[in-house]
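What shape does this take:
(one chain, ligands or ions: 2)
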Amino acid sequence: MTAEAADGGLSTAPWLGLPAAQQPDWPDPDALRAAGRKLAGSPPLVLPAECDLLTRRLAAVARGEALVLQGGDCAETFSGVGADTVRATLRTLLHMAVVLTHASSLPVVKIGRMAGQFAKPRSTAFEERGGVRLPSYRGDAVNGLEFSSGSRTPDASRLNRAYEASAATLNLVRALTTGGFADLAEVRTWNREFVASSPAGERYRRLTDEIESALAFLRACGGDTAPLATTEFFVSHEALLLDYETPLTRVDERTGRLYATSGHLLWAGERTREADGAHIAFLSRVRNPIAVKLGPTVGPETVLRYLDRLDPDREPGRLTFVMRAGADRVRDVLPLLVEKVSAEGAQVCWLSDPMHGNTFTTPDGYKTRHVETILDELSGFMAVHRALGTHPGGIHVELTGSEVTECLGGGRPVGAQDLGRRYESACDPRLNQEQSIDLAFRLADMYRRPPTG
Ligand SMILES: O=C[C@H](O)[C@H](O)COP(=O)(O)O
Ligand SMILES: C=C(OP(=O)(O)O)C(=O)O
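Ligands and ions are numbered 1, 2, ... in the order given. Next up, the predicted model:
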């Protein structure tokens, strides 16, 4: 056994000597090594060829010929890996994608924040309650949400549980997207209950009528609708835990190049995008399509450094920038960034994450976001791209398929008094099913509108 195989490659990867933000303080080095070895000996979750396919799909987005819809939980949890939860999230994303495709007449590349989003960066390393101070919850891959010393102590065997939970989720996602659940001919049955009870339901019903007529017309003309019975779907997460990502990074036998096999697309977050840090170094080495979140304080020099480090060959689809400036800042911050990147000849995808720059805490202590503020950021993002003649490539959102009450507003509005009713997120507030589909309709209206100067 080589030294590299013995420790899961954890000691030799070039990014490991660099400063890495937001890593857990694992108390047991032997347990960490054992977890790494186990991961290194586990099958890949995704294949390099699938990652290359996503790069090609994102290249189409970068050229303005497609859109991205990326969404899912803020923090996946081990207990949330059930058929109902996964199906509901997937169904919501499929609904949204249909709405966006219909309005924009562009293919929608569907990417779940799923099958790997088990780790969270935190604002503070510790949480204090009633005089007791414990490590903050960093996602189920690290520690437990329950506020007790045992639960909050980082436990490296959770990395293996995160792998298993990701494998189970991905297995279900693959089965659902290819096994008939995503068949466009069944669009009406995807969610009868939603159509019957939601304010957006009537609009959604009219849309499904139109789709069914179009399919009937196509069949009548002898067209083949069989390919519409399945759908392409990719998974993504923040490449936060290098102790998880490193042993799952593999050499592609076809090309000899490195791929992260934990998910199709990985991103560096606002708190882990230090240009000279370990996360960016890791992402620069793998051939997956990658993304970087950009917050309100990012400057054009930093963005140009990302281009040089992560996309030196200016390969369309390789790099995605996810702007999350906040509704009040996006119109000021984004134009210069887009101009500089365009001037470099880079063909990146520009996405908007309208959630993370718009979080606030209510007097009752609930972290929340308002749908109207989220839409305001999306509208600013669209306006900037329209003005510059560049392509607003799509959205990155935190959502769930169930009727939680975590974000305010929406077609059937959630009020501040409702937040306590079903606040189930392990970290940040997600749009519920109705709010997500409402958002898709309103974003669809923005895509439908002719470009303005
Ligand atoms: O999802 C993003 C971050 O992990 C999250 O906003 C951090 O939350 P905190 O500020 O409560 O730590
Ligand atoms: C932590 C996240 O976002 P950001 O890095 O943009 O704060 C996230 O998307 O989970």
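
neighbours around the closest residue to residue 228 other than its chain neighbours, how many?
Nearest non-adjacent residue to residue 228, counting by Cβ to Cβ, 6 or more residues apart in numbering: residue 184, 4.1 Å away. For glycine as for every other residue, the C-beta is placed from the backbone atoms N, C-alpha and C. Residue 184: 20 surrounding residues under other Cβ atoms under 10 Å.

now the helices: where do they sit in the stretch 351-453 of the chain?
With DSSP state H, counting those that start in this stretch applied, the stretch 351-453 of the chain shows helices at 371-388, 433-448, listed in chain order.

where among the ones you listed is the average confidence lowest?
Sorting the helices of the stretch 351-453 of the chain by mean pLDDT places helix 433-448 lowest, at a mean of 93.

which parts of that helix are buried?
433-444, 446-447 (16 or more other Cβ atoms under 10 Å).

what's the answer for stretch 57-76, then?
Buried residues in stretch 57-76 (16+ other Cβ under 10 Å): 57-62, 66-76.

what about that stretch, how long is it end to end?
25 Å (Cα to Cα, to the nearest Å).

near ligand 2, from the buried residues of stretch 57-76?
Counting by Cβ under 6 Å from any ligand atom, residue 74 from those sit close to ligand 2.

In helices only, show me the buried residues of stretch 57-76.
57-62 (DSSP state H).

Of all pairs in those, which one spans the longest distance?
The largest separation in these, counting by Cβ to Cβ, is between 57 and 62 at 10.0 Å.

what is in contact with these two at once?
Residues touching both residue 57 and residue 62 (Cβ atoms under 8 Å, 6 or more residues apart in numbering) are residue 317.

what about the nearest residue to residue 26 once chain neighbours are set aside, neighbour count?
Distances taken as Cβ to Cβ, 6+ apart place residue 32 nearest to residue 26, at 4.7 Å, with adjacent residues excluded. Look at residue 32: counted by other Cβ under 10 Å, it has 21 neighbours.

Check residue 342 too.
14.

angle of the helix or strand hosting it against helix 371-388?
Assigned by DSSP states H and E, residue 342 belongs to helix 330-343. For helix 330-343 against helix 371-388, the angle by axes from the mean of the first three to the mean of the last three Cα atoms, to 10 degrees is 40 degrees.

Could you name the helices and strands sitting against helix 330-343?
Applying 3 or more Cβ pairs under 8 Å, 6 or more residues apart in numbering; DSSP states H and E, we find helix 330-343 packed against helix 300-310, strand 319-323, helix 371-388.

Measure how that helix sits relative to helix 300-310, angle-wise.
50 degrees.

quick one: buried residues of helix 330-343?
For helix 330-343, by 16+ other Cβ under 10 Å, it's 330-331, 333-335, 337-338, 340-341.

any idea which element the nearest residue to residue 239 once chain neighbours are set aside lies in?
Leaving aside its chain neighbours, residue 239 sits nearest to residue 266 (3.9 Å; criterion: Cβ to Cβ, 6+ apart). Using DSSP H and E, residue 266 maps to strand 265-268.

Of the helices of the stretch 351-453 of the chain, which is nearest ligand 1?
Closest of the helices of the stretch 351-453 of the chain to ligand 1 is helix 371-388, at 14.5 Å (criterion: Cβ to the nearest ligand atom).

helices or strands next to the closest one in the packing?
helix 330-343, strand 349-352, helix 433-448.

Could you export these as a markdown table, including distance to residue 231?
As requested, the helices and strands packed on helix 371-388 are exported to a markdown table (distance: least, Cβ to Cβ, whole Å):
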| stretch | distance to residue 231 |
| --- | --- |
| helix 330-343 | 30 |
| strand 349-352 | 19 |
| helix 433-448 | 16 |
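
Identify whichever of those lies nearest to residue 12.
Nearest of the helices and strands packed on helix 371-388 to residue 12, taken as Cβ to Cβ: strand 349-352 at 32.2 Å.

Just give me how far stretch 327-342 sits from the chain centre.
The chain centre lies 21 Å from the centre of stretch 327-342; the measure is Cα atoms, centre = their mean, to the nearest Å.

ok, and what's touching it?
So stretch 327-342 is contacted by 294, 296, 298, 300, 303-304, 307, 321, 323, 325, 348, 350, 352, 354, 357-358, 373-374, 376-377, 380-381, 383-385, 387-388, 390 (Cβ under 8 Å, 6+ apart).

just the buried members of those?
294, 296, 298, 303-304, 307, 321, 323, 325, 348, 350, 352, 354, 357-358, 373-374, 376-377, 380-381, 383-385, 390.

Tell me how far residue 326 lies from residue 193.
Using Cβ to Cβ, to the nearest Å, one obtains 35 Å as the distance from residue 326 to residue 193.

cool, and residue 142?
The gap separating residue 142 from residue 193 is 36 Å, by Cβ to Cβ.

Compare the two (neighbour count), which wins?
The neighbour comparison of residue 142 against residue 193 (other Cβ under 10 Å) goes to residue 142, with 28 against 9.

can you tell me which residues contact that one?
Contact analysis of residue 142 by Cβ under 8 Å, 6+ apart lists 24, 119, 154-155, 158, 241.

Closest one of these to ligand 2?
For the contacts of residue 142, the residue nearest ligand 2 by Cβ to the nearest ligand atom is residue 119; the value is 9.1 Å.

So which bits of the stretch 101-250 of the chain are right by ligand 2?
121, 238.

Output the set of residues of the stretch 101-250 of the chain in proximity to ligand 1.
Counting by Cβ under 6 Å from any ligand atom, the stretch 101-250 of the chain sits next to ligand 1 at 120-123.

helix, strand or coil for residue 250?
strand (DSSP: H, G, I helix; E, B strand; the rest coil).

How about it: what's its closest non-neighbour residue?
Nearest to residue 250 is residue 261, by Cβ to Cβ, 6+ apart, at 5.1 Å.

Verify the stated contact: that neighbour with residue 44.
Yes: counting by Cβ atoms under 8 Å, residue 261 touches residue 44, with 3.2 Å between them.

Comparing those two, which residue is more hemmed in?
residue 261 (23 against 15).

could you list every residue that touches the residue most central in space within the chain?
With distances taken as Cα atoms, centre = their mean, residue 113 lies nearest the centre of the chain, 3.6 Å away. By Cβ under 8 Å, 6+ apart, the contact set of residue 113 is 70-74, 76, 236-237, 396, 398.
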